[in-house]
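*Asks:* Coordinates for the following, if possible.
(2 chains)
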Amino acid sequence: MLEVQGLTKVFGGLKAVDNASLEVGEGRIVALIGPNGAGKTTLFACIAGFLPVNAGQVRLLGQDITGLPVHQIARRGMVRTFQITQPFAKLSVHENIAVGAYQCHPDRREAWAHAERVAQQVGMGGMLDQPAADLTVAGRKRLELARTLAIGPKLLLLDEVMAGLNPSEIVEIVEIIQRIRAGGVTVLLIEHVMQAVMSLSEYIYVLSYGKIIASGAPREVVNDPAVIEAYLGRGAAAQMAPPTSGQAQEAAHA
Amino acid sequence: MNRATSSLPPPAGGHWALHLGLLAVAVVFPLVFPSPFMVNFGVLALFYAFIGQSWNIAGGFAGQLSFGHVVFFGAGAYASTILQLRFGFSPWLGLPASAVAGAVVGLVIGFLSFRAGLKGSYFALITLAFAEVLRIVANSVEITGGGLGMLIPAKAGAANFQFAERIGFYYLILALTAGSVAIAVWLKRSRFGAQLAAIRENEDAARALGIDVFTEKLKVMMLSGAICGIGGCFFAQYFLYIDPVIAFGVDKSVEMLLVSMIGGAGTVYGPLIGAVLLAAISDTARVLTNVQGLSLVLYGGLLVVIIAFLPNGLIDLFSRIGKRKRSKAGKEGA
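*Replies:* Residues are numbered from 1 along each chain as shown, chains lettered A, B, ... in the order given. Modelled structure (predicted):
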């Protein structure tokens, strides 16, 4: 569904993303993890067309979409959420979601009805009339999700939708993401909450200093010495050897 | 409590009784108060409501705050007057011609400034600059009559766009204003309006949801420019005179913006409320004193008070009262 090849993004002298390649198969949930500042959000922004890339190619459904404007990429079915939520603050929850719904339902009545269905899907059915500005962090994260979901995407790029949520809210949003995938939407997510990454994703890419340093099934990746070192510093993997899977997981959690 | 300025009211919320009621009041007004003074008051109030609405569509609905909206007004005024005086076309043709002129200027200014990524106060300043440039151009080229302006010869007759009675102008501007209100209502309820609201609130998020921000902003500038251009044509025919300062001076820009903000930007009836107030204040000030521009001083003071206490405009007062009534009714019902 999504193929990224050799993507490079340079800011001045800094290679924020360095020759990164990844692949997301249809119907899967794939995670992109990495320490703070690794370039995950930059990579997302490049994939979704928010930033021009210096080199590399992004292919969606077999078609080259590198350098297309954001709205055209979104209309082709790949939509991102923002790590720092960007609600239409003065509009109500219903109106926020309706903006997305209008993309596939030009008729007003249908758009509003569709927005309501999506709101219920993410558990916001009771907050339709609230102004977006009054929502809690958890509410705003859900609204981001609902809005993007309303345009009927094929591939969702979720940028830390769980950051700042408490454990019970995380459990709820994990369920929502699983339901979204069950509905036929492919998901690529950036996440720091390892409990969620481990339970949700089938495949993980690890980004560090702009480079993909490891990839594989969740269990393999968290035991990879390169990954442990990326998170805990050089030599950490050796100190912890022989790593049991439990320790490594804790290490990645930290 | 829903404090959001609802840009997309729920499907059930039509306000047909309100629209028709206001229209009926406006139709009857000159029959109840037939004196030229009162009819003139009505014409000016509706005229300000009309051009205020044109500002409101770009500034209030789409968040493209312009400080030089007069540029469209002037383009319309000059386009229709030049067609009439220099090329001998019927002044009625001026109405569509001025709309086209306003839309083209909107397209050009929008294309240049949105392509360059100008937003917020930068956009406001560039529109002001465009208005000033056109004022200087109108002042120095021959076809506009230069600084002397253009005097439209008075030949009374409806075919000539000159009504013997002011009431003819009154009903013409009433029809135009009703049309502009209808466009605002449509914006509140349409996909286009929803996209504009999204662009106003957050361009990046709008883009992420598949909205072609650049094109939608161009469309709204053309729509707003066309309406404002028609306003210019009407003004020229009502006062039978335009010059560069009237057509492109900063006064009209400020009035459009004030009318809209005082009444309530981004609302359907905000500009109308603001315009009635502006016309009332300016007539009162003119009758009671001889001080030039006192009305704008009063109006500026009012703006300060309103920004401090009613940041969403005077219309907020009405919606608060309405809400209180509704919540009271709700309690009694429970």
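*Asks:* Can you tell me the element residue 207 falls in?
*Replies:* By default, I'm working from chain A. strand A:203-208 (DSSP states H and E).
*Asks:* looking at chain B here, not the other one
*Replies:* Applying DSSP H and E as the criterion places B:Arg207 in helix B:203-208.
*Asks:* partners of the strand holding A:Leu207 in the sheet?
*Replies:* Strand pairing for strand A:203-208, determined by DSSP bridges: strand A:29-33 (parallel), strand A:211-216 (antiparallel).
*Asks:* Send me the last one as CSV with only the CA atoms.
*Replies:* This file holds the C-alpha atoms of strand A:211-216, laid out as CSV (Å, rounded to 0.1, in the frame of the first residue of the first chain):
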residue,chain,number,x,y,z
LYS,A,211,18.1,6.3,10.0
ILE,A,212,16.0,3.2,10.1
ILE,A,213,18.2,1.1,12.3
ALA,A,214,16.0,-2.0,12.8
SER,A,215,12.8,-3.4,11.6
GLY,A,216,10.8,-6.6,12.3
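*Asks:* Quick check: buried residues in that strand?
*Replies:* When burial is assessed from 16 or more other C-beta atoms under 10 Å in any protein chain shown, strand A:211-216 yields the following buried residues: A:Lys211, A:Ile212, A:Ile213, A:Ala214, A:Ser215. In short, each C-beta sits where N, CA and C put it, glycine included.
*Asks:* again, but for stretch B:238-245
*Replies:* Counting neighbours by 16+ other C-beta under 10 Å, one finds that the buried residues in stretch B:238-245 are B:Tyr238, B:Leu240, B:Ile242, B:Asp243, B:Pro244, B:Val245.
*Asks:* same thing with stretch B:143-157?
*Replies:* Using 16+ other C-beta under 10 Å as the test for burial, stretch B:143-157 gives B:Thr144, B:Gly145, B:Gly149, B:Met150, B:Ile152.
*Asks:* could these go into a markdown table alongside secondary structure and distance to B:Tyr170?
*Replies:* Listed next are these as a markdown table, based on DSSP: H, G, I helix; E, B strand; the rest coil; distance: C-beta to C-beta, whole Å:
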| residue | secondary structure | distance to B:Tyr170 |
| --- | --- | --- |
| B:Thr144 | coil | 29 |
| B:Gly145 | coil | 28 |
| B:Gly149 | coil | 25 |
| B:Met150 | strand | 24 |
| B:Ile152 | coil | 19 |
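*Asks:* Settle this for me: A:Leu157 is touching A:Thr81, isn't it.
*Replies:* Yes: A:Leu157 lies in contact with A:Thr81 (C-beta atoms under 8 Å); the separation is 7.0 Å.
*Asks:* Common neighbours of the two, please.
*Replies:* With contacts defined as C-beta atoms under 8 Å, 6 or more residues apart in numbering or on different chains, no residue is adjacent to both A:Leu157 and A:Thr81.
*Asks:* Let's verify B:Ile183: helix, strand, or coil?
*Replies:* helix (DSSP: H, G, I helix; E, B strand; the rest coil).
*Asks:* can you count the residues close to the closest residue to it other than its chain neighbours?
*Replies:* Counting by C-beta to C-beta, 6 or more residues apart in numbering or on different chains, the nearest residue to B:Ile183 once its immediate chain neighbours are dropped is B:Ile57, at 6.9 Å. One way to gauge burial is a neighbour count; for B:Ile57, by other C-beta atoms under 10 Å in any protein chain shown, it gives 28.
*Asks:* do B:Pro311 as well
*Replies:* B:Pro311 is surrounded by 10 other residues when neighbours are defined as other C-beta under 10 Å.
*Asks:* Any chance of the buried residues of strand A:211-216 in CSV with pLDDT and distance to B:Ala158 as columns?
*Replies:* Supplementary listing: those in CSV, determined by pLDDT from 0 to 100; distance: C-beta to C-beta, whole Å:
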residue, pLDDT, distance to B:Ala158
A:Lys211, 88, 77
A:Ile212, 89, 76
A:Ile213, 88, 81
A:Ala214, 87, 82
A:Ser215, 89, 78
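*Asks:* Touching stretch B:284-302 from outside, list them.
*Replies:* B:Val254, B:Glu255, B:Leu258, B:Ile262, B:Leu277, B:Leu278, B:Ile281, B:Ser282.
*Asks:* Helices of the chain, start to end?
*Replies:* Defaulting to chain A. A:40-47, A:70-75, A:93-101, A:108-121, A:137-150, A:167-182, A:194-200, A:218-223, A:225-232, A:236-240, A:245-253 (DSSP state H).
*Asks:* that's the other chain; I wanted chain B
*Replies:* Under the criterion DSSP H, chain B carries helices at the ranges B:16-32, B:36-56, B:70-87, B:94-115, B:120-140, B:166-189, B:191-201, B:203-208, B:213-239, B:244-248, B:250-263, B:270-288, B:294-309, B:315-333.
*Asks:* what about the shortest one, distance to the chain center?
*Replies:* Put simply, helix B:244-248 sits 17 Å off its chain's centre (C-alpha atoms, centre = their mean, to the nearest Å).
*Asks:* hmm, back to that, can the helix holding B:Arg207 be said to contact chain A?
*Replies:* Yes: interface with chain A: helix B:203-208 contributes B:Asp204, B:Ala205, B:Ala206, B:Arg207, B:Ala208 (C-beta under 8 Å from any C-beta of the partner chain).
*Asks:* what residues are up against the second one?
*Replies:* I take that to be B:Ala205. B:Ala205 is in contact with A:Phe82, A:Gln86, A:Pro87, A:Phe88, A:Arg147, B:Ala198, counting by C-beta under 8 Å, 6+ apart.
*Asks:* In TSV, list the residues you listed along with neighbour count, pLDDT and distance to A:Ser21.
*Replies:* Formatted as TSV, the entries for the contacts of B:Ala205 read as follows, by neighbours: other C-beta atoms under 10 Å in any protein chain shown; pLDDT from 0 to 100; distance: C-beta to C-beta, whole Å:
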residue	neighbour count	pLDDT	distance to A:Ser21
A:Phe82	23	90	24
A:Gln86	20	90	28
A:Pro87	21	91	33
A:Phe88	28	93	35
A:Arg147	30	93	30
B:Ala198	30	95	34
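*Asks:* And A:Gly126, what's its pLDDT?
*Replies:* You'll see A:Gly126 listed with a pLDDT of 88.
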